[in-house]
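Chemist: sequence and computational prediction follow.
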Amino acid sequence: MGLFQSFFLGGFECSTQVRADGRRLDLLRTTEHDRFARQDYRALARHGVRSARDGLRWHLIERSPGSYDWDSFLPMLHAAEEAGTQVVWDLCHYGWPDGLDIWSDTFPERLARFAAAAAELILRETGRAPLVCPVNEISFWAWAGGEVGRFGPNRTGEGGRLKRQLVRAAIAATRAVRATAPGARFICAEPLIHVDPGTHDDPGHRAGARRHRESQFEALDVLVGRSEPELGGGPDCLDVVGLNFYPDNQWYHGGGTIPMGHHAFRPLHEMLLEVWQRYRRPILLAETGAEGSGRASWLHYVSGEARAAMAAGVPVEGICLYPILDYHGWDNDRLCATGLLSAADDRGQRRVHEPLAEELKVQAARFQALSARPSASRFDQAA
């Protein structure tokens, strides 16, 4: 058996960022997952999904420095336990407490203390060391929050600075959790991208495309201590490499999205192999999914590519369908039909998107058959 209870995981959108207009989002609340966590976990279990990604809302838990109110989290933790669902808990998913300066030395220190307190709580309540994602999507957050001002800290031209601060915080949180719960496991969740130069012959343009593509590895390189060692990274800070891959994760440098099936669209299995060869860590597709009628076909593609990567020796530990619930868009509140499950009614009941459910059943059986083969290799789970 691998790291997760099921090869497919369900990812619950738990973003808590502050938008450029000052409004704080709380996707666990707007999807009502915080209210109906027990029903949601049980609904996933009926589809064979016994592992999930979910989140703590740091801004609700630590309203004053060093004082923790777990009322928003404990019901969800207990619901997961009752349902038998294994959860990877995001500790910082784009949001942080009001009044805390994200640029200060206090930010990594506060996250580390919060992470240790959360780990201690989970260990006490469950009897098991936790699985956590210390800081979600460092590279995307650095771009969205520090480079283009889409959400907090709402800066432009400071993406590199924000990326390094978030890496510092992730390192501090990882070590704090490990000190509190030595058996803890960690995932990162970084965008997996391809940037193609297109038909341009200009060397500068092609070099720009290459630099942009390779920037996806900056945060991981610092975490593992391969670059900028002054930030404190090391091999102990990179455990399971989580990769987020969506239909719009490939584009032309300075241009539009490359559609799947186009000659410039890089096969996913090649991208996974590159990451494996670079870091030699177990891999989780930490987020993947499509919207509307594309949901089932996208899962079909990603699953086939994951098997191709595994056949090439890549230790793919799982695929997380994300978001597993339909949700309202960050910027315009548009209902995004991405989930296996719909928005909830007053009793917490959600409709099932049957085409995705059927494809999930087929793919789960294929991965189960693959793992049952005598020749199927298992990979060392040690960090």
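Modeler: That came through, no problem.

Chemist: where are the low-confidence patches of the chain?
Modeler: For the chain, the stretches flagged by pLDDT under 70 are 1, 374-383.

Chemist: just the helices in it please.
Modeler: For the chain, the helices defined by DSSP state H cover 27-30, 37-45, 58-61, 74-83, 106-126, 138-141, 159-180, 203-214, 218-223, 268-279, 295-311, 354-372.

Chemist: residue 297 and residue 5, how far apart?
Modeler: 27 Å (Cβ to Cβ, to the nearest Å). C-beta here means a position set from N, CA and C on the backbone, and glycine is covered the same way.

Chemist: hang on, residue 60 packs against residue 72?
Modeler: Yes - counting by Cβ atoms under 8 Å, residue 72 is a contact partner of residue 60 at 4.5 Å.

Chemist: who's more crowded, these two?
Modeler: Neighbours were counted for residue 60 and for residue 72 using other Cβ atoms under 10 Å; residue 60 has more, 19 against 16.

Chemist: what sits against that one?
Modeler: Taking Cβ atoms under 8 Å, 6 or more residues apart in numbering, we find residue 60 in contact with 69, 72.

Chemist: go again using 7 Å as the cut-off
Modeler: Shown in contact with residue 60 (Cβ atoms under 7 Å, 6 or more residues apart in numbering): residue 72.

Chemist: with residue 300 instead?
Modeler: Here residue 300 is in contact with residue 359 (Cβ under 7 Å, 6+ apart).

Chemist: next: residue 153.
Modeler: 102, 145-146, 162.

Chemist: from those, list the buried ones, please.
Modeler: 102, 145-146, 162 (16 or more other Cβ atoms under 10 Å).

Chemist: for those residues, which one is nearest residue 46?
Modeler: residue 145 (37.2 Å; Cβ to Cβ).

Chemist: please determine how far the closest one is located from residue 161.
Modeler: Distance, residue 145 to residue 161, using Cβ to Cβ: 11 Å.

Chemist: with residue 241 instead?
Modeler: According to Cβ to Cβ, residue 241 stands 24 Å off from residue 161.

Chemist: which of the two has more neighbours?
Modeler: It is residue 241, of residue 241 and residue 161, that has more neighbours when counted by other Cβ under 10 Å, with 26 against 14.

Chemist: residues in contact with the more buried one?
Modeler: Going by Cβ under 7 Å, 6+ apart, residue 241 touches 188, 220, 275, 279, 281, 283.

Chemist: and it, how far from residue 168?
Modeler: Counting by Cβ to Cβ, the gap from residue 241 to residue 168 is 19 Å.

Chemist: repeat that for residue 64.
Modeler: 23 Å.

Chemist: cool, and residue 65?
Modeler: 18 Å.

Chemist: same question for residue 264.
Modeler: The value you get for residue 264 to residue 168, if Cβ to Cβ is used, is 36 Å.

Chemist: which of those two has more neighbours?
Modeler: More crowded of residue 264 and residue 168, by other Cβ under 10 Å: residue 168, with 22 against 14.

Chemist: what are the bridge partners for the spatially closest residue to residue 30 that is not a sequence neighbour, then?
Modeler: Nearest residue to residue 30, sequence neighbours excluded (Cβ to Cβ, 6 or more residues apart in numbering): residue 328, at 5.6 Å. Counting by DSSP bridges, residue 328 is bridged to residue 335.

Chemist: show me what contacts residue 328?
Modeler: Residue 328 is in contact with 30, 334-335, counting by Cβ under 7 Å, 6+ apart.

Chemist: appreciated, that's everything.
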